[in-house]
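Engineer: Okay, sequence plus prediction incoming.
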Amino acid sequence: MNLLKNKKILLIVTGGIACYKALDLIRKLQEKESHVECVLTSNAQEFIKVITFESLLGKKVKSNLFTLDQEKNMNHIKLATDTDIILVAPCTANFISKISNGVADDLATNVMLASNKPKMVAPAMNTNMWQNKAVKNNLYTLKKIGITILSPQSGKLACRTEGKGKLMDVDLIVDNLNLFFAEKKLRGRTAIVTAGPSIEKIDPIRFIGNFSSGLQGYEIAESLSFFGAKTILISGPTKLLPPSNVEFISVESSEEFLQKSLEKLPVDIYISVAAISDWKAKKISQSKLKKNSAVTSFHFKQNRDVLKSISTHKKRPKLVVGFSAETENLLKNSERKFKVKQCDWMLANKIDEKYGFKSEKNKVFFIEKNNIKEWKVMTKKLVARKLVKKIVSFFKNYKL
Ligand SMILES: Cc1cc2nc3c(=O)[nH]c(=O)nc-3n(C[C@H](O)[C@H](O)[C@H](O)COP(=O)(O)O)c2cc1C
């Protein structure tokens with residue numbers, strides 16, 4: 001459904017190589033009948049001429065804070081307030097740094113600071129820049145102040161390298177904007193999502209862990225929050241930034257995943273995406289285990305099953321969803337888990353070279369009572385969207 005019709009969108013374009021994609025973005029927003037205003041930083045104009053934007057928009061682009069022509073009506077305040085949403089695309093590392101620190105030294109940054117409207121930024125930059133700790137910290141600040149980050153994708157970059165940093169696909173940016181205006185169909189619902197790996201200590205310096213990136217769970221938490229659910233993300237250690245507008249709880253061991261989940265009950269929705277270890281050390285050694293003693297004296301014991309504990313709890317959430325990662329006999333093993341863990345839905349995903357822990361894509365089978373559906377290969381973001389849409393229908397039909 002097109003929810004962008006007649007919406008006022010202020011697009012800020014900053015000076016990165018992906019500037020030219022902003023033109024395609026404007027065209028797509030015009031197709032959706034949005035009213036687009038555009039601000040270009042002076043560095044963006046080094047990449048594309050203002051006239052290209054003005055021809056496409058059929059109106060003036062704003063860029064200068066200090067012109068009487070543009071400022072006679074306090075244009076920077078008007079631009080900041082007379083809009084439904086502000087989108088920065090592409091957003092440079094420089095611009096992220098400025099707005100996370102409240103810098104206001106040009107029209108674009110003044111507008112960002114003077115606006116209390118919702119804001120989204122779509123960063124695009126070289127992989128090393130994206131991975132730089134300074135950029136990460138700035139993004140973390142943006143999330144904390146409620147700005148939504150449309151994370152870049154992986155692929156071939158203009159600097160002739162390959163990695164994360166490519167501007168999110170323009171159609172997906174439009175899709176995210178559209179979703180933002182969607183009715184908050186899960187408003188009033190609370191959700192817990194667990195994500196990432198668990199860490200089970202062996203001795204002061206070693207642990208049992210796994211390769212879970214946490215991405216699928218983080219995407220689900222973000223989608224739930226987009227649909228208005230009050231979302232709590234309980235996560236093991238990952239390299240990801242928590243999404244904006246979710247309550248974030250950092251944990252390590254299986255026992256912590258369970259305790260923090262129980263503390264937050266009752267909730268309506270529980271989605272267990274975390275890769276929680278089945279075992280832990282029988283006894284955590286207080287000192288570093290020596291080479292030979294580890295071989296002879298190290299023993300495992302089973303962890304409590306977090307998902308089953310939630311499914312069978314007296315404060316059981318109305319909808320309990322599990323994930324099942326398997327390297328072989330995916331459906332057989334997952335169907336068994338589905339029964340044992342007593343959840344309502346289970347998403348079985350195959351872990352291999354192509355999909356699973358390390359990939360941005362997922363191949364999923366959706367299991368519910370008497371029904372299994374195969375989902376086509378999708379990005380983890382789209383798997384999250386599809387799942388959350390199913391959750392919306394579940395609660396539409398939900399009777400006490
Ligand atoms: C050819 C070229 C390409 C650039 N591409 C990017 C980019 O993709 N992302 C980025 O963050 N910075 C990029 N930069 C650096 C920015 O242009 C620079 O940080 C500038 O100060 C950004 O200004 P603005 O944020 O005010 O628009 C590039 C610079 C050059 C010369």
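Structural biologist: Received the coordinates, thanks. The shown structure was predicted, so the numbers you read here are calculated from the model rather than taken from an experiment.
Engineer: can we go C-alpha only for contacts and neighbour counts from here?
Structural biologist: Noted.
Engineer: Do you have the helices of the stretch 251-400 of the chain handy? List them.
Structural biologist: Applying DSSP state H, counting those that start in this stretch to the stretch 251-400 of the chain gives helices spanning 254-264, 291-297, 306-311, 330-341, 380-396.
Engineer: Could you tell me the least trusted of these?
Structural biologist: In terms of mean pLDDT, the lowest-scoring of the helices of the stretch 251-400 of the chain is helix 291-297 (a mean of 71).
Engineer: is residue 269 in a bridge, and if so with what?
Structural biologist: Beta-bridge partners recorded for residue 269 (DSSP bridges): residue 191, residue 319.
Engineer: The residue of the stretch 101-250 of the chain found nearest the ligand: what secondary structure?
Structural biologist: Nearest residue of the stretch 101-250 of the chain to the ligand (C-alpha to the nearest ligand atom) works out as residue 125 at 3.6 Å. What DSSP: H, G, I helix; E, B strand; the rest coil gives for residue 125 is coil.
Engineer: Name the nearest residue to it, sequence neighbours excluded.
Structural biologist: In this structure, residue 125 finds its nearest non-sequential neighbour in residue 165, 4.8 Å apart by C-alpha to C-alpha, 6 or more residues apart in numbering.
Engineer: what do you get for residue 207?
Structural biologist: residue 201 is the one closest to residue 207 (C-alpha to C-alpha, 6+ apart), at 4.2 Å.
Engineer: any idea which helix or strand carries the one you found?
Structural biologist: strand 200-203 (DSSP states H and E).
Engineer: and that strand, what does it pack onto?
Structural biologist: strand 206-208, strand 279-281 (3 or more C-alpha pairs under 8 Å, 6 or more residues apart in numbering; DSSP states H and E).
Engineer: can you put those strands in TSV and add distance to the ligand and mean neighbour count?
Structural biologist: As requested, the helices and strands packed on strand 200-203 are exported to TSV (distance: least, C-alpha to the nearest ligand atom, whole Å; neighbours: other C-alpha atoms under 10 Å):
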stretch	distance to the ligand	mean neighbour count
strand 206-208	37	15
strand 279-281	43	19
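Engineer: hey, C-alpha coordinates of stretch 103-120 in PDB?
Structural biologist: What follows is stretch 103-120 as a C-alpha-only set of coordinates in PDB (Å, rounded to 0.1, in the frame of the first residue of the first chain):
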ATOM      1  CA  VAL A 103      27.100  20.900  15.100                       C
ATOM      2  CA  ALA A 104      25.100  23.500  13.100                       C
ATOM      3  CA  ASP A 105      27.400  25.200  10.700                       C
ATOM      4  CA  ASP A 106      25.400  25.100   7.500                       C
ATOM      5  CA  LEU A 107      21.800  24.900   6.300                       C
ATOM      6  CA  ALA A 108      21.500  21.100   6.400                       C
ATOM      7  CA  THR A 109      22.900  20.700  10.000                       C
ATOM      8  CA  ASN A 110      20.800  23.700  11.200                       C
ATOM      9  CA  VAL A 111      17.700  22.000   9.900                       C
ATOM     10  CA  MET A 112      18.600  18.700  11.600                       C
ATOM     11  CA  LEU A 113      19.100  20.400  14.900                       C
ATOM     12  CA  ALA A 114      16.100  22.700  14.700                       C
ATOM     13  CA  SER A 115      13.700  19.900  13.800                       C
ATOM     14  CA  ASN A 116      11.600  17.700  16.100                       C
ATOM     15  CA  LYS A 117      10.300  15.700  13.200                       C
ATOM     16  CA  PRO A 118      11.200  12.000  12.700                       C
ATOM     17  CA  LYS A 119      14.600  11.500  11.000                       C
ATOM     18  CA  MET A 120      16.200   8.700   9.000                       C
END
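Engineer: of all of the stretch 301-400 of the chain, which residue lies closest to the ligand?
Structural biologist: residue 360 (21.4 Å).
Engineer: Much appreciated, bye for now.
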